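Asker: what's the 3D shape of this:
(one chain, ligands or ions: 1)
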Amino acid sequence: MSAGDEVVVALDVGGTGMKCALVRPDGTTVHTERHATDAQRGPEAVVGTILDVAEGLAGKARADGRTPVACGIAVPGVVDEARGVAVWSANVGFRDVPLRELAGTRLGLPAALGHDVRAGGLAEARLGAGRDAGHVLFVAIGTGIAAAHVVDGSAATGAHGAAGEIGHILVRPGGPRCGCGRAGCLEAVSSASAIGRRYAELSGVPTTAAQVAGRAAAGEPLAVEVWQEAVEALADGLATGQALYDVSTVVLGGGLAQAGPRLFDPLRLALRERLTFHREPRLVAAGLGDEAGCLGAALLALDTLAKESR
Ligand SMILES: [Zn+2]
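Answerer: Residues are numbered from 1 along each chain as shown. Purely as a prediction, here's the structure:
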């Protein structure tokens, strides 16, 4: 059988759904599936579904005449990638689940476990908008804000599996309360949900961040004010990121990045104003959409194989 028939099994597990794929070593996807996570069933049931889905994908590969060679799984929360343990997750309920070992045993294949945003960052840095950039900061802005710092195709995990939580950089002391309990974190001001919430608070009308972006572009004063507040805080966070990481490219993903030039144009200016001696990074939109996490899980699986063959 030729090497072209080899695939890895990849899963990106979120609070509501799992994006799954069979991916070739060159990064091309040959099959995709989506499944419900149903996190309210509890972590044991979710783990059962993950293993069943992974086994099903390996079976599908074989049925199509391909050879599954490894499995990669990305999950949210705190992930100890070195030990392969899902340490903690608010939305899936994991507490110290040795998911890498469980998947490896069930499938009889080498397995890798990664953090969803770090996996997404890895994919954007190696296959997407940060391709060939070397030093990349991937920032996902949706209901929260999280980041991955990728250097030469490898995402830093931190000593405790919690690197990249730039959503909890303090940007507005005494500001809006964050989900983590502190007031004034970046994600309490600049996440898509925070922008919608702030506008709703001031106008009394339920609103999404996309609607605020549209109204701001149309010149509605309240929307302009809320949007600008969020952009300024985001620029503060990114300037801190640049001071720490000195990257060449910042890739913005998640729902908010879909605002396009309405976000990128003022953000670029605000970031430029804040940088003194640091070099200004290229600011670009993510290129892989919501497939990034799953592709990243595939890359982690391939990296595991490469390490084993050394
Ligand atoms: Zn916080």
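
Asker: going by C-alpha atoms from here, please, whenever you check contacts or count neighbours.
Answerer: Fine.

Asker: Cys76 and Ala306, how far apart?
Answerer: I think there's a mix-up here, since residue 76 is Pro and not Cys. Applying C-alpha to C-alpha, to the nearest Å, the value for Pro76 to Ala306 is 25 Å.

Asker: which of those two has more residues huddled nearby?
Answerer: Each of Pro76 and Ala306 has its neighbours counted (other C-alpha atoms under 10 Å); Pro76 has more, 23 against 10.

Asker: ok, for that one, nearest residue in space, not its chain neighbours?
Answerer: In this structure, Pro76 finds its nearest non-sequential neighbour in Asp116, 5.2 Å apart by C-alpha to C-alpha, 6 or more residues apart in numbering.

Asker: Ala257: how many residues sit nearby?
Answerer: Neighbours of Ala257 (other C-alpha under 10 Å): 22.

Asker: surely it is in contact with Ala285?
Answerer: Yes. Between Ala257 and Ala285 there is a contact under C-alpha atoms under 8 Å: 6.3 Å.

Asker: near the ion, which residues of the stretch 151-300 of the chain show up?
Answerer: Contact residues, the stretch 151-300 of the chain versus the ion (C-alpha under 5 Å from the ion): His168, Cys178, Cys180, Cys185.

Asker: TSV for those residues, including pLDDT?
Answerer: What follows is these, written out as TSV (pLDDT from 0 to 100):
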residue	pLDDT
His168	96
Cys178	95
Cys180	91
Cys185	97
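
Asker: going by distance to Leu244, which of those wins?
Answerer: His168 (14.5 Å; C-alpha to C-alpha).

Asker: surely the closest one meets Ser190?
Answerer: No. His168 is beyond contact range of Ser190, at 11.0 Å (criterion: C-alpha under 8 Å).

Asker: tell me where the stretch 101-250 of the chain has helices.
Answerer: 116-126, 187-190, 192-203, 209-217, 221-245 (DSSP state H, counting those that start in this stretch).

Asker: for the last one, name the packing helices and strands.
Answerer: I take that to be helix 221-245. The contact analysis (3 or more C-alpha pairs under 8 Å, 6 or more residues apart in numbering; DSSP states H and E) places helix 221-245 against helix 187-190, helix 192-203, helix 209-217, helix 261-274.

Asker: residues in contact with the first one?
Answerer: For helix 187-190, contacts defined as C-alpha atoms under 8 Å, 6 or more residues apart in numbering pick out 144-145, 167-168, 176-179, 194-195, 229-231, 233-234.

Asker: whatever residue of the stretch 201-310 of the chain ends up closest to the ion: how many residues sit nearby?
Answerer: Here the residue of the stretch 201-310 of the chain nearest the ion is Gly237; by C-alpha to the ion that distance is 12.4 Å. For Gly237, the tally of surrounding residues (other C-alpha under 10 Å) stands at 23.

Asker: distance of it relative to Leu170?
Answerer: 8 Å.

Asker: list residues touching both of those two?
Answerer: Leu186.

Asker: now a PyMOL select for only the buried ones of the residues of the stretch 151-300 of the chain next to the ion.
Answerer: Buried residues among those (16 or more other C-alpha atoms under 10 Å), as a PyMOL selection:
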select buried, resi 168+178+185
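
Asker: one step back: could I get the helices and strands packed on helix 221-245 as a markdown table with mean pLDDT and mean neighbour count?
Answerer: What follows is the helices and strands packed on helix 221-245, written out as a markdown table (pLDDT from 0 to 100; neighbours: other C-alpha atoms under 10 Å):
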| stretch | mean pLDDT | mean neighbour count |
| --- | --- | --- |
| helix 187-190 | 97 | 32 |
| helix 192-203 | 97 | 20 |
| helix 209-217 | 96 | 19 |
| helix 261-274 | 97 | 16 |
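
Asker: can I get the ones you listed in JSON lines with distance to Gly27?
Answerer: Formatted as JSON lines, the helices and strands packed on helix 221-245 follow (distance: least, C-alpha to C-alpha, whole Å):
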{"stretch": "helix 187-190", "distance to Gly27": "32"}
{"stretch": "helix 192-203", "distance to Gly27": "30"}
{"stretch": "helix 209-217", "distance to Gly27": "31"}
{"stretch": "helix 261-274", "distance to Gly27": "28"}
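
Asker: and Glu55, which of the ones you listed is closest to it?
Answerer: Taking C-alpha to C-alpha, helix 192-203 is the member of the helices and strands packed on helix 221-245 nearest to Glu55, at 35.5 Å.

Asker: so that closest one versus helix 221-245, what angle?
Answerer: Relative orientation of helix 192-203 versus helix 221-245 (axes from the mean of the first three to the mean of the last three C-alpha atoms, to 10 degrees): 150 degrees.

Asker: name the residues of stretch 225-242 that are buried.
Answerer: If you call a residue buried by 16+ other C-alpha under 10 Å, then stretch 225-242 has these buried ones: 226-242.
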